[in-house]
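In: predicted model and sequence below, questions to follow.
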Amino acid sequence: MAIETIGVVGAGQMGNGIAHVLAVAGYDVTLMDVDAERLEAAIARIGANLDRQVARGKIEHEDRSLALGRIRTTVSLPELGASDLIIEAATEKEAVKQKIFDDLAPSLKPETILTTNTSSLSITRLAGRTKRPEQFMGLHFMNPVPVMQLVELIRGIATSKETFDALQVVVQRLGKTAVVAEDFPAFIVNRILMPMINEAIYTLHEGVGSIVDIDQSMKLGANHPMGPLELADFIGLDTCLAIMNVLHSGLADTKYRPCPLLVKYVEAGWLGRKVGRGFYDYRGEMPVPSR
Ligand SMILES: CC(=O)CC(=O)SCCNC(=O)CCNC(=O)[C@H](O)C(C)(C)COP(=O)(O)OP(=O)(O)OC[C@H]1O[C@@H](n2cnc3c(N)ncnc32)[C@H](O)[C@@H]1OP(=O)(O)O
Ligand SMILES: NC(=O)C1=CN([C@@H]2O[C@H](COP(=O)(O)OP(=O)(O)OC[C@H]3O[C@@H](n4cnc5c(N)ncnc54)[C@H](OP(=O)(O)O)[C@@H]3O)[C@@H](O)[C@H]2O)C=CC1
């Protein structure tokens with residue numbers, strides 16, 4: 001089935017980035033969030049990121065208004081039911097995602113494909129709750145979506161070839177590169193990346209290095225574009241903890257135990273850049289370590 005209309009659920013950092021790249025590629029997008037202010041902020045963010053792309057000669061000025069014109073917003077989930085494809089990008093909590101798919105069910109047209117941008121959760125389990133597991137897949141974008149080249153494609157046990165092929169066409173039209181990951185906790189990227197970030201937090205917790213020295217070490221010593229603590233703040237510490245918990249419970253190996261310091265930061269509400277404070281405090285002119 002040719003996909004032209006796409007509903008995106010969740011207008012946080014991933015949802016706005018996904019809506020952005022879909023609209024630039026010519027898809028008609030409906031972006032949904034429970035919070036109308038989130039939707040306003042997402043449209044403002046997409047506008048600013050499109051401006052940046054115009055300034056750097058990545059897209060033409062007229063493409064900016066065309067792209068923005070292709071994005072509608074709504075706080076009503078059933079409005080997405082008429083879409084050819086739905087990309088769920090709400091908070092990394094299984095109960096939240098399950099409820100979204102449950103609530104969507106009555107308004108979906110028969111051919112709609114359902115996908116989730118989950119960083120870690122079982123695609124087969126999420127698909128099994130829907131009445132269309134053949135038309136369900138993991139479609140995992142990387143942050144920041146307009147910049148990162150990769151999309152992980154994750155089939156559930158029942159995903160059909162037609163669904164997989166249709167999603168490959170979408171990734172191609174976005175100009176991105178797909179890799180195929182099997183449906184195991186956290187797939188490929190986060191199976192490798194998140195234990196590294198968790199280990200960096202243990203390195204801080206055990207006093208081996210300071211926040212600045214740990215980040216500097218990996219930037220200058222291993223050529224990473226961001227240090228691991230800066231990257232954790234960028235991803236969101238709630239999301240990092242959720243992924244570590246899925247690895248820990250799903251693989252039942254103590255090497256995935258979330259660092260207690262990560263748990264403490266999340267309990268404090270210091271979730272990273274999106275709330276202005278995580279390992280760094282972003283509320284001043286320049287980020288400085290929070291403690
Ligand atoms: C958790 C998960 O489930 C999976 C994940 O996503 S894991 C996270 C994966 N992401 C990463 O590892 C990101 C690591 N960091 C980086 O690659 C870089 O620091 C970065 C691309 C984010 C910024 O790079 P930088 O050199 O510091 O900034 P800057 O020079 O301003 O920007 C580089 C480019 O990114 C663009 N950019 C930066 N942030 C952007 C954003 N939020 N939205 C759109 N474009 C952005 C800039 O326009 C610029 O584009 P060009 O090169 O085309 O001119
Ligand atoms: N951050 C990252 O680097 C990456 C994240 N992901 C995945 O993408 C998903 C989203 O992450 P991210 O954008 O960072 O998270 P954010 O916290 O930035 O955004 C999540 C958004 O979803 C909204 N939301 C929560 N419940 C619902 C609901 N029932 N219906 C509609 N919207 C809802 C939230 O609203 P409110 O705040 O009001 O609850 C918020 O606006 C997660 O599954 C995450 O694992 C994937 C790749 C990278």
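Out: That came through fine. Numbers count the residues shown, from 1 in each chain. Ligands and ions are numbered 1, 2, ... in the order given.
In: need the contact list for the residue nearest to Y280 when sequence neighbours are not counted.
Out: Among residues not flanking Y280 along the chain, P287 sits closest, at 3.9 Å (Cβ to Cβ, 6 or more residues apart in numbering). Any C-beta I mention is one placed from the backbone N, CA and C, and that applies to glycine too. By Cβ atoms under 8 Å, 6 or more residues apart in numbering, the contact set of P287 is 230, 280-281.
In: can you give me phi and psi for P287?
Out: Dihedral angles of P287 (phi, psi; degrees, to the nearest 10) stand at phi -60, psi 140.
In: for ligand 1, state which of the contacts of P287 is nearest.
Out: Ranked by distance to ligand 1 (Cβ to the nearest ligand atom), the contacts of P287 are led by E230 at 8.3 Å.
In: next, that closest one: secondary structure please.
Out: helix (DSSP: H, G, I helix; E, B strand; the rest coil).
In: G278 is in contact with that one, correct?
Out: No: counting by Cβ atoms under 8 Å, E230 does not reach G278; the two are 9.0 Å apart.
In: higher neighbour count, the two?
Out: Remark: of E230 and G278, G278 carries more neighbours, 28 against 24, as counted by other Cβ atoms under 10 Å.
In: I'd assumed Y265 was in contact with the more buried one.
Out: Yes: using Cβ under 8 Å, G278 is in contact with Y265, at 6.4 Å.
In: give me the common contacts of these two.
Out: Contact with both G278 and Y265 is made by residues 237, 271, according to Cβ under 8 Å, 6+ apart.
In: if we can go back for a sec, from the contacts of P287, which are also near ligand 2?
Out: Here nothing survives when those are matched to ligand 2 using Cβ under 6 Å from any ligand atom.
In: between these, which is closest to E37?
Out: D281 (23.2 Å; Cβ to Cβ).
In: flag every residue of this structure that's near ligand 1.
Out: Close to ligand 1, as judged by Cβ under 6 Å from any ligand atom, the chain has residues 49, 52, 56, 58, 119, 142-144, 146-148, 189-190, 193, 225-226, 231, 235, 239.
In: can I get the contacts of P287 in TSV with distance to P78 and pLDDT?
Out: TSV is the format used below for the contacts of P287 (distance: Cβ to Cβ, whole Å; pLDDT from 0 to 100):
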residue	distance to P78	pLDDT
E230	39	98
Y280	40	98
D281	41	98
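In: those helices in the stretch 151-291 of the chain, which residues are they?
Out: For the stretch 151-291 of the chain, the helices defined by DSSP state H, counting those that start in this stretch occupy 161-173, 189-205, 211-222, 228-235, 237-251, 260-267.
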